[in-house]
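*Asks:* Everything below, folded, please.
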Amino acid sequence: MLLSLDPLPGAFAICRLEPDASLPAWAAGGPLWSVTRTATELSVVCGLANVPADVRGDGPWRALMVRGPLDLTLTGVLASLAAPLASAGIGLLAVSTYDTDYLLVREADLDRAVRTLQQAGHRIG
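*Replies:* Residues are numbered from 1 along each chain as shown. Model prediction:
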């Protein structure tokens, strides 16, 4: 499956809060933000500049958005992106929405990730 992806502007962070933490106001805003609560954590993906200094987080990350909307019955979307990146030794975090998928890669790996995805036949930008 060949896909088209668009880079999102700005740097992102992946943060971990306690599972009973309130939804932080600083998480909202920018071209992408996502909050996921599980029994063991509240995970936040948001703009790096939004993250307070006392919050446990990792960054900078950069995001690529798969052009959508994608049909929810499609299979192999993430696999077609993750496999070439894994072969190149590039880690990723995937965030999925109703309409599409987002790949986050470490900022230091962005150029290599773009080249790797292009070599796999995907279109970037």
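
*Asks:* And for stretch 97-111, what's in contact with it?
*Replies:* Here stretch 97-111 makes contact (Cβ atoms under 8 Å, 6 or more residues apart in numbering) with 5, 7-8, 11-12, 14, 32, 45, 59-70, 72, 77-78, 81, 85, 90-96, 113. C-beta here means a position set from N, CA and C on the backbone, and glycine is covered the same way.

*Asks:* Tell me which of those fall in strands.
*Replies:* If you go by DSSP state E, the contacts of stretch 97-111 have 5, 7, 12, 14, 45, 59-66, 93-96 in strands.

*Asks:* Quick one: residues contacting the residue of the chain most remote from its centre.
*Replies:* Largest separation from the mean C-alpha position in the chain: Asp20, at 23.5 Å (Cα atoms, centre = their mean). Asp20 sits next to Leu42 when contact means Cβ under 8 Å, 6+ apart.

*Asks:* gap between Arg115 and Val105?
*Replies:* From Arg115 across to Val105, the span is 12 Å (Cβ to Cβ, to the nearest Å).

*Asks:* So for the two, which sits in the more crowded spot?
*Replies:* Comparing Arg115 with Val105 by other Cβ atoms under 10 Å, the one with more neighbours is Val105, at 22 against 12.
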